[in-house]
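Participant: Quick one: sequence and predicted model below, then my questions.
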Amino acid sequence: MNKDTETLKRNAEVAQFRFALIAPVIQGLFPDQCQRFLVSEVR
């Protein structure tokens, strides 16, 4: 069962790291530069 606990802890760490990377994009704090460029070209 110790191995299962370690696997669970590792998976939780990976999930937290991935969320930390994607959260600013979801919240709009780090907008996609390509999208900004395309919008400015249309105007």
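Facilitator: Sure, I can see it. Since the structure is predicted, the reported quantities are computational estimates derived from the model, not experimental observations.
Participant: any weak-confidence spans in the chain?
Facilitator: Residue ranges of the chain with pLDDT under 70: 1, 29-43.
Participant: longest helix anywhere in it?
Facilitator: Secondary structure assigned by DSSP state H gives helix 2-26 as the longest helix of the chain.
Participant: Please tell me how far N2 sits from L8.
Facilitator: 11 Å (Cβ to Cβ, to the nearest Å). Heads up, the C-betas are built off the backbone N, CA and C, glycines and all.
Participant: more crowded one of these two?
Facilitator: L8 (10 against 6; other Cβ atoms under 10 Å).
Participant: how close does the more buried one get to I22?
Facilitator: L8 sits 21 Å away from I22, taking Cβ to Cβ as the criterion.
Participant: now swap in E13 and tell me
Facilitator: E13 is 15 Å from I22, by Cβ to Cβ.
Participant: do the same with K3
Facilitator: 29 Å.
Participant: neighbour count winner among those two?
Facilitator: I22 (11 against 7).
Participant: Contact partners for that one?
Facilitator: Residues counted as contacts of I22 (Cβ atoms under 8 Å, 6 or more residues apart in numbering): none.
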